[in-house]
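Student: make a model of this:
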Amino acid sequence: MNEVVLEVKNLTAAYQKNTVLRDVNFQVEAGSLTGIVGPNGAGKSTLIKTMLALHPVLSGEVHFFGSTYKKVKKRIGYVPQRGSVDWDFPTIALDVVMMGLYGQIGWLRRPTKTHQRMAFEALDKMGMADYANRQISQLSGGQQQRVFLARALVQNADIYFMDEPLAGVDAATERAIMKILDELKAAGKTVMVVHHDLQTVADYFDHVLFLNRTVIKHGKTNDVYTEDNIATTYGGSIRLIGGRIGNVVHPVKQ
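Tutor: Below you'll find the model as predicted:
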């Protein structure tokens, strides 16, 4: 067993009086690439936000590397949902990526040429070097997602959390993002991704966390990505066709 880099114990969270997560328990090993899947309203985004102290915890504990998020947050990267970002904010792509370096630069210090080079190299890795000086509002959805991924990459974190990075992007961007995620895994990084497309889970992730307000099942994809676990998570019926998901019928739970 590899080193446990994330441990969640009895985590419960709510919005006002509506409990969104209840008694969530799981451990994540170093160097794993995990897909977090579940129906709408299952608490997938809330899980990430709660672990990263962006949403209050009602009860339970979250430990990164045996410590609290506050003590190790420089080792953690986060890519939020694209829809939660104000893309009209007047800034260029290079400056957005530079924000990922503020932990190194400090908020009151100016970035050096080294910092600018690091940010540019991260953009280049995402195929966005030609857009470094473009206003983010002028970029397509897929291009914006690449910029945000570059911002996370430049942090050189040990754990990355990504909230639906593949939602609404074109096929080329999806391939580019998955290539980067595979490279992160190969480098020993740990990545957790909220993912909505059941048909690609088995191809993209070596671990799966089935979530519907609590953990339904978590483990290696080859072991837990089954018709029964999917049906239990989504509350409907599914068909596996040649090892892939066929029709998925489930109620949308809010």
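Student: sketch out the low-pLDDT regions of the stretch 101-250 of the chain for me.
Tutor: Scanning the stretch 101-250 of the chain for pLDDT under 70 picks out 102-109, 237-250.
Student: may I see the buried residues of the longest helix seen in the chain?
Tutor: With DSSP state H setting the assignment, residue counts place helix 171-186 as the longest helix in the chain. Across helix 171-186, burial judged by 16 or more other Cβ atoms under 10 Å covers Thr173, Glu174, Ala176, Ile177, Met178, Ile180, Leu181, Leu184, Lys185. Every C-beta, even on glycine, is put in place using the N, C-alpha and C of the backbone.
Student: need the residues you listed in TSV (columns: distance to Lys71).
Tutor: Shown next, in TSV, are the buried residues of helix 171-186 (distance: Cβ to Cβ, whole Å):
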residue	distance to Lys71
Thr173	34
Glu174	35
Ala176	33
Ile177	29
Met178	31
Ile180	27
Leu181	26
Leu184	23
Lys185	25
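Student: let me know the closest of the residues you listed to Gln199.
Tutor: For the buried residues of helix 171-186, the residue nearest Gln199 by Cβ to Cβ is Glu174; the value is 12.3 Å.
Student: so where do the strands sit in the stretch 1-150 of the chain?
Tutor: Under the criterion DSSP state E, counting those that start in this stretch, the stretch 1-150 of the chain contains strands at 4-15, 18-29, 33-37, 59-64, 76-79.
Student: go ahead and name everything in contact with the shortest one.
Tutor: Spelled out, it's strand 76-79. Applying Cβ atoms under 8 Å, 6 or more residues apart in numbering, the external contacts of strand 76-79 come out as 48, 52, 64, 69, 100, 148-149, 151-153, 155, 157-163, 165.
Student: I'm done for today, thanks for sticking with me.
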